[in-house]
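Asker: Sequence plus predicted model, see below.
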Amino acid sequence: MDIKVRDSNGAELAEGDSVTLIKDLKLKGSSTVLKRGTMIRNIHLTDNDDEIEARTDKVKGLVLRTEFLRKAKGTIDPHIVMAGLDPAIHAFLAGHHEGRRGCPAQGRA
């Protein structure tokens, strides 16, 4: 059985992703508060699709509910992005830009 874990925005989370907290979270049994915007790297998925395991500098062994997380920017699978690009942009990014000089965004040829 394949469990799909989704963040608060519906983006699918995978093992090792980075996530960001969307609200301040007070930890049970501690006076520690994890602030909104805190990035948590290298998450681990659990058997429950509503929870992930994580660790921060302050706290090890956290279990966080996915409703308080969003996938961090910059963790998008590059293959998905490249598949949706115009072939000319894909060629430019791959380095096959037919000898054009300068930045195409500035209109230099």
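Answerer: In hand now; what should we look at?
Asker: Pull up the pairing partners for the helix or strand hosting T20, direction included.
Answerer: Taking DSSP states H and E as the criterion, T20 maps to strand 19-21. With DSSP bridges as the test, strand 19-21 is paired with strand 39-40 (antiparallel), strand 69-71 (antiparallel).
Asker: Now do it: everything it contacts.
Answerer: 7, 13, 34-40, 43, 52, 54, 68-73 (CB atoms under 8 Å, 6 or more residues apart in numbering). The way it works is simple: take the backbone N, C-alpha and C, and place the C-beta from them, glycine included.
Asker: now I40, nearest residue through space, not along the chain?
Answerer: Spatial nearest neighbour of I40, excluding adjacent residues (CB to CB, 6 or more residues apart in numbering): A54 at 4.7 Å.
Asker: Check the burial of L34 by counting its neighbours.
Answerer: 20 (other CB atoms under 10 Å).
Asker: Was I right to think it contacts K58?
Answerer: Yes - the criterion here is CB atoms under 8 Å, and L34 meets it with K58 at 7.4 Å.
Asker: next structured bit after the strand holding T20?
Answerer: Next element after strand 19-21 (DSSP H and E): strand 25-26.
Asker: same question for that next one, mean pLDDT?
Answerer: For strand 25-26, mean pLDDT rounds to 93.
Asker: List the contacts of the following helix or strand past it.
Answerer: Proceeding N to C from strand 25-26, the next assigned helix or strand is strand 33-34, under DSSP H and E. With CB under 8 Å, 6+ apart as the test, strand 33-34 has contacts from 21, 24-27, 56, 58-59.
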